[in-house]
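# Let's see this in three dimensions:
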Amino acid sequence: MKKAILCSLALFSLLTILTAQEKLTTFKDLDVFKIQYASDPQIAPNGDQIVYRRTGFDIMHDKSVGNLWILQADGTSHRKLTAREASESQPRWSPNGDRIAFVSSTDQGAEIFMYWVQTGQYARISQLECSPTSLTWSADGTQLAFAMLVPQKPVVLAKLPQKPKGAKWAEKPRITNQLKHEADGRGYLEPGFSHIFVIPASGGSPRQITSGNFNHRSGLSWSPDGKHILFSANRNEDWEHDFRNSEIYKVSVNKGTILPLTKRKGPDYTASFSPDGKLIAYLGYDDKVQAYQLNQLYLMDSDGADKKVIQVALDRNLSNLQWDAKGNGLYFTYDDQGNSKIGYTDLDGKVTKLADNLGGTSIGRPYAGGSYSVSNKGVIAYTQTRPAYPADIALLKPKQQTPKLLTRLNDHWLSYRTLGQVEEVWYSSSIDGRKIQGWIVKPPTYDATKTYPLLVENHGGPILNYGDRFSAELQLYAAAGYLVFYPNPRGSTSYGEEFGNLLYNNYPGEDYNDVMDGVDYLIKNGIADKEELYVTGGSAGGIMTAWIIGKNNRFKAAVVAKPVMNWISKTLVADNYYGYANYRYPGQPWENMETYWKFSPISLVGNIETPTMVMVGMNDLRTPPSEAKQLYHALKLRKIETVLVEIPGASHGIAKRPSQLITKVAHTLAWFDKYQKKTKE
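Now for the predicted structure:
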């Protein structure tokens with residue numbers, strides 16, 4: 001008897017240990033703080049070394065911390081670039097590879113630093129008034145160009161009396177007369193304009209080379225002779241209201257004279273001199289005034305003459321142009337069916353796909369991102385991601401089919417975690433038979449003989465895409481036992497212009513049907529439990545979630561995060577309030593109130609019966625808290641089960657800080673679990 005009891009106790013202990021180990025191997029909230037990811041990889045001109053920014057999260061200060069690291073192209077000698085513990089970014093190799101310029105924070109603000117490769121020494125070479133961006137070397141390695149804000153005095157309307165010494169008066173009023181006066185995540189914008197500067201690579205005083213009350217800051221490119229710099233800007237008289245327009249300009253480094261090279265209605269940007277300086281490649285399009293427009297690749301002579309389109313055989317949006325060393329073609333990035341890629345085109349438009357799986361820098365949800373660089377010999381360094389890991393550094397040599405993964409920044413802890421498996425699904429839309437792509441994340445303990453509660457995650461944008469990329473949020477949902485479904489309904493990018501523009505003057509529209517068709521597909525195939533449906537999403541995903549529960553009562557619970565509930569109020573209070581009319585709906589809200597109201601989720605609030613959590617960042621300027629409160633207040637007045645979760649200090653990037661990401665996921669799961677328990681009871 002005693003022996004049997006001892007055996008039973010031993011078996012119980014073993015099962016307890018195994019259960020505990022199983023629990024420890026799944027992805028947990030605090031694992032978010034363990035995540036590290038790579039970004040901005042810059043390969044040396046000769047291709048032998050790579051410097052990149054490595055970002056991790058500080059659990060004590062609840063923030064991301066990014067430093068520069070360097071490694072050999074074979075993956076060896078992986079080490080921190082400097083001994084500094086400050087934020088470091090924008091690493092840029094000198095043309096001959098002997099130095100690395102970078103930007104780093106100091107007690108006085110961000111400054112430019114120089115690192116000497118042979119000695120490992122580094123030094124600050126600037127003393128700037130504001131933070132530099134777009135750091136770019138001249139071809140001879142003697143100068144650096146960058147963009148920087150030049151502050152202006154704020155508007156003063158009335159002269160106020162001087163307060164007595166030591167008096168504690170209220171703060172002075174904040175006054176603006178600018179169309180764009182605030183930005184989500186940044187808050188109130190300091191008055192001023194961005195200008196281009198040059199500074200000797202050996203250090204010294206920066207010299208401003210642009211002038212005028214315009215912003216000059218996009219895509220700097222030196223001419224090979226060092227006499228000119230290309231940039232994109234809008235220097236039109238009505239630049240504030242003509243906000244979608246931009247042109248390519250060429251500024252003389254010595255004289256400061258500015259020559260416009262393009263002129264049309266539509267954006268022109270990302271201009272770059274060819275290696276011999278004879279041609280300029282750039283991106284742009286003629287503005288057709290629609291929700292989604294693909295750009296085109298152009299070439300022109302260095303003086304702006306003989307403009308022509310390179311008819312790239314690809315119905316996708318191009319980004320991040322880079323000439324090859326001989327000037328025979330250009331590298332670029334693009335998204336295709338939820339996967340980010342690196343491509344190459346010759347000057348006749350023949351496209352070659354070079355690499356898949358670019359990205360991994362959007363840690364919370366599986367959005368596109370990532371970056372790359374190319375050596376003089378065509379060796380590509382880029383950030384690679386898969387659903388099992390965020391961005392690592394990968395290397396692809398010319399004519400090589402399979403890239404080599406050089407870093408494994410998270411192996412030391414992810415190898416001890418069982419993640420939910422991500423699988424691609426395709427299904428047909430009930431509206432027009434279009435093929436719709438989505439993905440499911442299975443619980444780590446998935447059993448194909450069972451059905452699971454389904455959690456639908458709607459992406460933002462809506463002109464964006466989800467894909468087969470790492471996602472901390474979705475892994476946390478899967479670890480909690482949910483089958484997670486995330487689709488790319490019509491209006492998503494990476495499927496061509498026609499597909500992305502299907503929501504023009506019709507949003508929300510049939511994208512609702514595309515999402516619900518995916519839900520029905522999973523139920524029909526015995527994967528999801530039709531009695532256990534839950535739905536969430538943020539921003540445009542919050543709009544879709546609110547629209548779904550206004551259209552049907554099939555879901556047990558919903559979490560509507562940072563939504564637009566009323567297009568009339570949103571359009572006039574958001575930080576980008578000036579950008580919606582005609583591109584989303586015809587006319588301004590007061591000119592077309594019926595349409596703006598028709599597509600506002602608040603118009604359906606009388607139909608909602610689904611228990612709904614409403615969540616928003618208290619500093620959100622893109623979809624302000626007043627939008628979320630409209631839904632919450634309406635549901636309270638209707639006595640529908642609801643709760644409002646406001647996250648202090650959070651902007652529209654509601655999960656920017658690690659603890660905020662955890663807060664978002666924990667509250668979402670707590671709300672869903674509450675109604676899952678009710679169902680079980």
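
# can you map out the helices along the stretch 301-450 of the chain?
Counting by DSSP state H, counting those that start in this stretch, one finds helices in the stretch 301-450 of the chain at the ranges 411-414.

# Run through the strands of it in chain order.
For the stretch 301-450 of the chain, the strands defined by DSSP state E, counting those that start in this stretch occupy 308-310, 319-323, 329-336, 339-346, 351-358, 372-374, 380-386, 389-396, 404-405, 422-428, 435-441.

# Ok, which of the ones you listed comes nearest residue 508?
Distance to residue 508, taken as Cβ to Cβ, is lowest for strand 435-441 among these, at 15.4 Å. Placement of C-beta: from N, CA and C, glycine included.

# What pairs with the helix or strand that that closest one is followed by, parallel or antiparallel?
The element immediately downstream of strand 435-441 (helix or strand, assigned by DSSP states H and E) is strand 452-458. Partners of strand 452-458 in the sheet, by DSSP bridges, are strand 483-488 (parallel), strand 528-538 (parallel).

# when you compare where whichever helix or strand comes after the longest one runs with where strand 483-488 runs, what's the angle?
Spelled out, it's strand 528-538. Helices and strands here follow DSSP H and E; after strand 528-538, the next one along the chain is helix 540-551. Computed with axes from the mean of the first three to the mean of the last three Cα atoms, to 10 degrees, the direction of helix 540-551 lies at 110 degrees from that of strand 483-488.

# Output the contacting helices and strands for helix 540-551.
Counting contacts by 3 or more Cβ pairs under 8 Å, 6 or more residues apart in numbering; DSSP states H and E, helix 540-551 is packed against strand 452-458, helix 511-524, strand 528-538, strand 557-561.

# Give me whichever of those is most buried.
strand 557-561 (a mean of 28; mean count of other Cβ atoms under 10 Å).

# Sheet-wise, list the partners of that strand with their directions.
Partner strands and pairing direction for strand 557-561 (DSSP bridges) are strand 528-538 (parallel), strand 612-617 (parallel).

# Using PDB, list the CA coordinates for it.
Listed next in PDB are the C-alpha coordinates belonging to strand 557-561 (Å, rounded to 0.1, in the frame of the first residue of the first chain):
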ATOM      1  CA  ALA A 557     -16.800  39.500 -27.100                       C
ATOM      2  CA  ALA A 558     -14.800  42.200 -28.900                       C
ATOM      3  CA  VAL A 559     -12.000  44.600 -28.100                       C
ATOM      4  CA  VAL A 560     -12.100  47.800 -30.200                       C
ATOM      5  CA  ALA A 561      -8.700  49.500 -30.000                       C
END
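
# Figure out how far that strand is from the centre of its chain.
Distance of strand 557-561 from its chain centroid, counting by Cα atoms, centre = their mean, to the nearest Å, is 22 Å.

# CA atoms of the next helix or strand after that strand as CSV?
Note on strand 557-561: by DSSP H and E, the next helix or strand toward the C-terminus is helix 567-573. The C-alpha trace of helix 567-573 is given here as CSV (Å, rounded to 0.1, in the frame of the first residue of the first chain):
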residue,chain,number,x,y,z
TRP,A,567,-15.5,60.2,-39.7
ILE,A,568,-16.9,63.7,-39.3
SER,A,569,-15.3,64.3,-35.9
LYS,A,570,-12.1,62.3,-36.6
THR,A,571,-11.4,64.1,-39.8
LEU,A,572,-11.4,67.5,-38.1
VAL,A,573,-9.5,66.6,-34.9
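
# so what secondary structure elements neighbour helix 567-573?
Contacts defined by 3+ Cβ pairs under 8 Å, 6+ apart place helix 567-573 against helix 593-598, helix 625-637.

# most tightly surrounded among those helices?
For the helices and strands packed on helix 567-573, the largest average neighbour count (mean count of other Cβ under 10 Å) is found in helix 625-637, namely a mean of 19.

# for the record, mean pLDDT for that helix?
Across helix 625-637, the average pLDDT comes to 98.

# For residue 320, which residues are in contact?
Residues in contact with residue 320 (Cβ atoms under 8 Å, 6 or more residues apart in numbering) are 270, 331-333, 371-372.

# Neighbour count and pLDDT added to the residues you listed, as TSV?
Formatted as TSV, the contacts of residue 320 follow (neighbours: other Cβ atoms under 10 Å; pLDDT from 0 to 100):
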residue	neighbour count	pLDDT
270	23	96
331	20	98
332	26	98
333	25	98
371	22	97
372	25	98
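
# can I get those in CSV with distance to residue 397?
What follows is the contacts of residue 320, written out as CSV (distance: Cβ to Cβ, whole Å):
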residue, distance to residue 397
270, 26
331, 14
332, 19
333, 18
371, 19
372, 14
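
# how about the residues you listed, which pair is most distant?
Farthest-apart pair in the contacts of residue 320 is 270 and 372; separation 14.3 Å (Cβ to Cβ).

# Residue 110 is nearest to which of the helices and strands packed on helix 540-551?
So among these, strand 528-538 is nearest, using Cβ to Cβ, at 29.8 Å.

# What angle do strand 435-441 and that closest one make with each other?
Put simply, strand 528-538 runs at 90 degrees to strand 435-441, going by the same axes, to 10 degrees.

# Nearest to residue 159, out of the strands of the stretch 301-450 of the chain?
Ranking those by proximity to residue 159 (Cβ to Cβ) places strand 319-323 first, at 49.1 Å.

# how far out from the middle of the chain is that closest one?
On Cα atoms, centre = their mean, the centre of strand 319-323 falls 18 Å from the chain's centre.

# Adding distance to residue 162, write the strands of the stretch 301-450 of the chain out as a markdown table.
Output for the strands of the stretch 301-450 of the chain, formatted as a markdown table (distance: least, Cβ to Cβ, whole Å):
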| stretch | distance to residue 162 |
| --- | --- |
| strand 308-310 | 62 |
| strand 319-323 | 53 |
| strand 329-336 | 56 |
| strand 339-346 | 57 |
| strand 351-358 | 58 |
| strand 372-374 | 55 |
| strand 380-386 | 55 |
| strand 389-396 | 54 |
| strand 404-405 | 64 |
| strand 422-428 | 64 |
| strand 435-441 | 62 |
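
# Take the strands paired with strand 557-561 and lay them out in JSON lines including distance to residue 458.
Shown next, in JSON lines, are those (distance: least, Cβ to Cβ, whole Å):
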{"stretch": "strand 528-538", "distance to residue 458": "3"}
{"stretch": "strand 612-617", "distance to residue 458": "14"}
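
# can you redo the ones you listed as TSV with distance to residue 394 and mean pLDDT?
Formatted as TSV, those follow (distance: least, Cβ to Cβ, whole Å; pLDDT from 0 to 100):
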stretch	distance to residue 394	mean pLDDT
strand 528-538	30	97
strand 612-617	34	98
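
# and residue 486, which of the ones you listed is closest to it?
The nearest among the strands paired with strand 557-561, by Cβ to Cβ, is strand 528-538 at 9.0 Å.

# The closest one to helix 511-524, inter-axis angle?
Comparing the axes of strand 528-538 and helix 511-524 via the same axes, to 10 degrees yields an angle of 150 degrees.

# Tell me the gap between strand 528-538 and the middle of its chain.
Offset of strand 528-538 from its chain centre (Cα atoms, centre = their mean): 26 Å.

# Would you map the strands across the stretch 101-250 of the chain?
Along the stretch 101-250 of the chain, the stretches classed as strands by DSSP E, counting those that start in this stretch are 109-116, 122-124, 133-137, 143-151, 182-183, 187-188, 192-200, 207-208, 216-222, 228-233, 247-252.

# quick one on the thing from earlier: export the strands paired with strand 452-458 to JSON lines and tack on distance to residue 289?
As requested, those are arranged in JSON lines below (distance: least, Cβ to Cβ, whole Å):
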{"stretch": "strand 483-488", "distance to residue 289": "24"}
{"stretch": "strand 528-538", "distance to residue 289": "27"}
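
# Figure out which of those strands is closest to residue 495.
Closest to residue 495 of those, according to Cβ to Cβ: strand 483-488, at 7.3 Å.

# Can you give the contact residues for the closest one?
So strand 483-488 is contacted by 338, 366, 420, 425, 436-443, 452-459, 465-467, 474, 477-478, 494-495, 514-515, 518-519, 522, 527-528 (Cβ under 8 Å, 6+ apart).

# re earlier: redo the helices and strands packed on helix 567-573 as CSV? Include distance to residue 612.
CSV is the format used below for the helices and strands packed on helix 567-573 (distance: least, Cβ to Cβ, whole Å):
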stretch, distance to residue 612
helix 593-598, 21
helix 625-637, 6
